[in-house]
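Trainee: Predicted coordinates and the sequence they were generated for:
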Amino acid sequence: MKDIARSHDRLLIIDFGSQVTQLIARRARELNVYCEIHPYQKVTDAFLHDFAPKAVILSGGPASVLDEGSPRPPAAVFELGVPILGICYGQQVMMQMLGGRVERGHGTAEFGRAFVSPARAKDRLLEGWFENGPEQVWMSHGDHVSAIAPGFEVYGTSPNAPFAVIGDPARRFFAVQFHPEVHHTPRGTRLLQNFTRLAGFAGDWTMGAYREEAIRRIRQEVGDKRVICGLSGGVDSSVAAVLIHEAIGERLTCVFVDHGLLRQGEAEEVVAMFRDHYNIPLIAADESELFLGKLEGVSDPETKRKIIGRLFIDVFQKYAGEIEGAEFLAQGTLYPDVIESVSFSGGPSVTIKSHHNVGGLPEKMGLNLVEPLRELFKDEVRALGRELGLPKSFIGRHPFPGPGLAIRCPGEITREKLEILRKADAVFIDQIRRHGLYDEIWQAFVAILPVKTVGVMGDGRTYDYACALRAVTSVDGMTADYYPFTHEFLGETATRIINEVPGINRVTYDITSKPPGTIEWE
Ligand code: XMP
């Protein structure tokens, strides 16, 4: 745990492997409560003592408490004297450990929408609930609680879950059979808010406060040394750079490598913003010849990624090596990158695509790391960016992959194709902005296809490239749905691309979701 977290009240989320545990943390952060997720195996008595939570949430999970060796929190968690909320599996394990009973779900398993009605007893936990009748909740359980532990009373019931919401008011232990953290439980955030309020959280985890504290910590960590920060043009590295610059001023130098695979105007924008607007010392290295040269004739996606990843490290190292006295490397690592996950399968997960970053650099160069965003979720990084005065257009930017346009140009990469792709992509994004759709879409881009097709323009025959538009909604890029543009929008966009972009005579729209597709084409 970092010093910044130490100075705030902390909510501990014990993870039993639910797919949606991260959402509990995100909801808590939205309520300005500092929280951390830790896998149940890590939560020992000593850990609890050191972490000193103000409240605890036991997450859901795929196991059954009726199986031998099923995961449990340490008994000490119930001796802390702090409020506890058990969610789904968390409820069941809590009942089992405190003297209630859990049974296998023969015909009582529930997946999906259910409605909870109030029971006779009431509690602050459900303040704001039932104002318009029963509340919609999201259930996902096989087993169910068949008898509640001594001291508990019932606050809410559903047709298949008589103990949908229960609590022991004396000990302030609560448990719900459904998932309050998901959007399908519309008043779930209110329940979590009630829980954090009754636990006494001050709601002091704001990005305004974080900014001040992070600046203090960076000064402490870095002392009078110099820091190097690799800028990608994305939100994370930009926010990290501006924050560090506020902390140590001229002792930060940013390095921005143009690998020749950026979008239209992107390199110029980054340089203008950091060097001219923020006055941050910036080395902008145009290495496009080097990268494109090495990529010549390469069409395998993983080979492209490897070449780009390796070259990037070499080039970055070369420029960073010229910065005298640098002892620290800044990285825009976020909290989701460092949360340890609970894996029940035990097997290694399959590598679908090797996503490159600058991993390995710090050891190779003998540098220490500064990671000022390590405690934050993406939404919080954006909020911090707004605090720091970064332009809205920058903060709300769609993510852009490290290998850039290389993976949007299936097959061989040529300068000609890249030029065409840049133009088509710029028209597509312009269309999205003009129609006010940019913020609704998680990521949008054009891929130029490795195929030429016949068309007709005016009186002549054309033989040019086909392209595919891709636009998806997503929460974290792990799953995604294609965006439902109107036919008018698609027709207008296709016409504009064909009229404005020489080299393209056919436009298609990719309507594959992820899974089974991936977001990028390579
Ligand atoms: P996929 O295509 O795997 O993409 O569904 C999910 C998200 O990851 C981005 N992406 C990458 N980012 N290096 C990166 O830094 C990569 O090699 C890479 N490949 C995909 C993609 O843009 C999307 O946001």
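Mentor: That came through, no problem. The model shown is predicted, which means the values in this text are computed figures rather than measured ones.

Trainee: Could I get the full set of strands for the stretch 1-150 of the chain?
Mentor: Applying DSSP state E, counting those that start in this stretch to the stretch 1-150 of the chain gives strands spanning 10-15, 34-39, 55-58, 84-87, 101-103, 110-118, 135-141, 144-147.

Trainee: need these in a markdown table with mean neighbour count, mean pLDDT and distance to the ligand, can you?
Mentor: Every residue, glycine included, has its C-beta placed from N, CA and C. Output for those, formatted as a markdown table (neighbours: other Cβ atoms under 10 Å; pLDDT from 0 to 100; distance: least, Cβ to the nearest ligand atom, whole Å):
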| stretch | mean neighbour count | mean pLDDT | distance to the ligand |
| --- | --- | --- | --- |
| strand 10-15 | 26 | 98 | 23 |
| strand 34-39 | 21 | 96 | 22 |
| strand 55-58 | 27 | 98 | 29 |
| strand 84-87 | 28 | 98 | 28 |
| strand 101-103 | 15 | 95 | 38 |
| strand 110-118 | 16 | 91 | 26 |
| strand 135-141 | 22 | 92 | 25 |
| strand 144-147 | 19 | 94 | 36 |
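
Trainee: could these be laid out in a markdown table, adding distance to Pro159?
Mentor: Formatted as a markdown table, these follow (distance: least, Cβ to Cβ, whole Å):
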| stretch | distance to Pro159 |
| --- | --- |
| strand 10-15 | 29 |
| strand 34-39 | 32 |
| strand 55-58 | 25 |
| strand 84-87 | 20 |
| strand 101-103 | 17 |
| strand 110-118 | 7 |
| strand 135-141 | 10 |
| strand 144-147 | 12 |
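
Trainee: any weak-confidence spans in the protein?
Mentor: Scanning the chain with the threshold set as pLDDT under 70 gives 1-3, 106-108, 343-360.

Trainee: residue furthest from the geometric center of it?
Mentor: What lies farthest from the middle of the chain is Asp459; by Cα atoms, centre = their mean that is 50.3 Å.

Trainee: If Gln443 is in a bridge, with which residues?
Mentor: Taking DSSP bridges as the rule, Gln443 bridges to Val472.

Trainee: actually Asp464, not the one I typed
Mentor: Beta-bridge partners, per DSSP bridges, of Asp464: Thr453.

Trainee: and it, how far is that from Asp425?
Mentor: 16 Å (Cβ to Cβ, to the nearest Å).

Trainee: neighbour count winner among these two?
Mentor: Asp425 (23 against 18; other Cβ atoms under 10 Å).

Trainee: name the element the more buried one belongs to?
Mentor: helix 415-434 (DSSP states H and E).

Trainee: residues of that helix that come out buried?
Mentor: For helix 415-434, burial by neighbour count (16 or more other Cβ atoms under 10 Å) applies to 417-418, 420-429, 431-432.

Trainee: Near the ligand, which residues of the protein are found?
Mentor: 305, 353, 355-356, 399, 401-403, 407, 443, 477, 514, 518-520 (Cβ under 6 Å from any ligand atom).

Trainee: coming back round to it: out of the strands of the stretch 1-150 of the chain, which comes closest to His183?
Mentor: Set against His183 and scored by Cβ to Cβ, these come closest in strand 135-141, at 8.4 Å.

Trainee: then the closest one to CSV, C-alphas only?
Mentor: What follows is strand 135-141 as a C-alpha-only set of coordinates in CSV (Å, rounded to 0.1, in the frame of the first residue of the first chain):
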residue,chain,number,x,y,z
GLU,A,135,-36.2,-3.0,-7.0
GLN,A,136,-34.6,-4.7,-10.0
VAL,A,137,-31.4,-6.6,-9.2
TRP,A,138,-29.0,-8.9,-11.0
MET,A,139,-28.7,-12.4,-9.6
SER,A,140,-26.2,-15.0,-10.6
HIS,A,141,-26.1,-17.9,-8.1
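
Trainee: Paired strands for that strand, with orientation please.
Mentor: Partner strands for strand 135-141, per DSSP bridges, with pairing direction: strand 110-118 (antiparallel).

Trainee: returning to that earlier point: could you dump the buried residues of helix 415-434 into CSV with distance to Phe178 added?
Mentor: As requested, these are exported to CSV (distance: Cβ to Cβ, whole Å):
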residue, distance to Phe178
Lys417, 51
Leu418, 50
Ile420, 51
Leu421, 46
Arg422, 48
Lys423, 50
Ala424, 46
Asp425, 43
Ala426, 46
Val427, 46
Phe428, 41
Ile429, 40
Gln431, 41
Ile432, 36
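
Trainee: Can you pull the phi and psi angles for the residue lying closest to Tyr89 once chain neighbours are set aside?
Mentor: Nearest residue to Tyr89, sequence neighbours excluded (Cβ to Cβ, 6 or more residues apart in numbering): Gly61, at 4.0 Å. In terms of degrees, to the nearest 10, the main-chain angles of Gly61 are phi -180, psi 160.

Trainee: same deal with Gly402?
Mentor: Dihedral angles for Gly402 - degrees, to the nearest 10 - are phi -50, psi -50.

Trainee: In contact with Val381, which residues?
Mentor: The contact partners of Val381, by Cβ atoms under 8 Å, 6 or more residues apart in numbering, come to 235-236, 239, 332, 334, 373.

Trainee: Also Ile215?
Mentor: 243, 246-247 are the contacts of Ile215 under Cβ under 8 Å, 6+ apart.

Trainee: Against the ligand, how distant is the residue farthest from the centre of the chain?
Mentor: Asp459 sits at a distance of 41 Å from the ligand (criterion: Cβ to the nearest ligand atom, to the nearest Å).

Trainee: of all of the stretch 201-350 of the chain, which residue lies closest to the ligand?
Mentor: Arg305 (5.1 Å; Cβ to the nearest ligand atom).

Trainee: Could you give the number of residues near that residue?
Mentor: Neighbour count of Arg305, defined by other Cβ under 10 Å: 20.

Trainee: Surely it touches Gly404?
Mentor: No: Arg305 lies out of contact with Gly404 (Cβ atoms under 8 Å); the separation is 10.8 Å.

Trainee: sec struct for Thr333, please.
Mentor: Secondary structure state of Thr333, per DSSP: H, G, I helix; E, B strand; the rest coil, is coil.

Trainee: And for it, nearest residue in space, chain neighbours not counted?
Mentor: Glu371 (4.5 Å).

Trainee: re the thing from before, shouldn't the residue of the stretch 201-350 of the chain closest to the ligand be within a helix?
Mentor: Yes: counting by three-state DSSP, Arg305 is part of a helix.

Trainee: so how far is Ile432 from whichever residue of the stretch 51-200 of the chain sits closest to the ligand?
Mentor: Here the stretch 51-200 of the chain gets closest to the ligand at one residue, His183, 21.1 Å apart by Cβ to the nearest ligand atom. Distance of His183 to Ile432, computed by Cβ to Cβ: 24 Å.

Trainee: Which parts of stretch 85-101 count as buried, going by neighbours?
Mentor: Applying a neighbour-count criterion of 16+ other Cβ under 10 Å, one finds 85-98, 100 buried in stretch 85-101.

Trainee: typo on my end, stretch 497-513
Mentor: Neighbour-count burial for stretch 497-513 flags 497-498, 501, 503-507, 509-510, 512 (criterion: 16+ other Cβ under 10 Å).

Trainee: which residues sit against it?
Mentor: Contacts of stretch 497-513 (Cβ under 8 Å, 6+ apart): 416, 419-420, 423-424, 427-428, 446-449, 453-455, 457, 462-470, 472, 479-482, 485, 490, 493-494, 517, 521.

Trainee: and that stretch, how far from the chain's centre?
Mentor: 30 Å (Cα atoms, centre = their mean, to the nearest Å).

Trainee: do the same with stretch 64-79
Mentor: Using Cα atoms, centre = their mean, the offset of stretch 64-79 from its chain centre is 29 Å.

Trainee: for stretch 120-138, same thing?
Mentor: 30 Å.

Trainee: again with stretch 380-392
Mentor: The chain centre lies 16 Å from the centre of stretch 380-392; the measure is Cα atoms, centre = their mean.

Trainee: What residues sit buried inside it?
Mentor: Using 16+ other Cβ under 10 Å as the test for burial, stretch 380-392 gives 380-385, 387-388, 390.
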